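**Student:** Provide a 3D model corresponding to the input given below.
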Amino acid sequence: MTRTEPSVEDGFAEARARCRSAFGKAPAQWTARAKPRNAFLVDGDPTVEIGHTPAGDNRVSGDFTCYVTTAGS
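**Tutor:** I've put the predicted structure just below:
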């Protein structure tokens, strides 16, 4: 099996997935005014750490922030 090295886009994909999950769990009063509806923005800086170990310790990490935009934003 060929293993694919992680990429910066993998970091953004993981951040989007985590923000989507957090958005879905947030109280309705926090997200009700989102424009467009049910939308959020993700901003951050992914880093890729590649380690060549038998266990395949390849990692994508970074610092990200999720934003909900509203009509007043």
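
**Student:** wait, is T47 part of a strand?
**Tutor:** Yes: assessed by DSSP: H, G, I helix; E, B strand; the rest coil, T47 belongs to a strand.

**Student:** so what's it scoring on pLDDT?
**Tutor:** If you check T47, the pLDDT there is 71.

**Student:** Quick check: it vs G62, distance?
**Tutor:** 5 Å (Cβ to Cβ, to the nearest Å). Where you see a C-beta, it was placed from the backbone N, CA and C, and this is true even at glycine.

**Student:** A34 now?
**Tutor:** If you measure A34 against G62 using Cβ to Cβ, the figure is 24 Å.

**Student:** Got the phi and psi for A26?
**Tutor:** Torsion angles at A26 (phi, psi; degrees, to the nearest 10) stand at phi -70, psi 150.

**Student:** make that P27, sorry
**Tutor:** The phi/psi pair for P27 (degrees, to the nearest 10) is phi -60, psi 140.

**Student:** Mind pulling up the pLDDT for it?
**Tutor:** In this model, P27 is scored at 88, pLDDT.

**Student:** Thanks again, I'm all set now.
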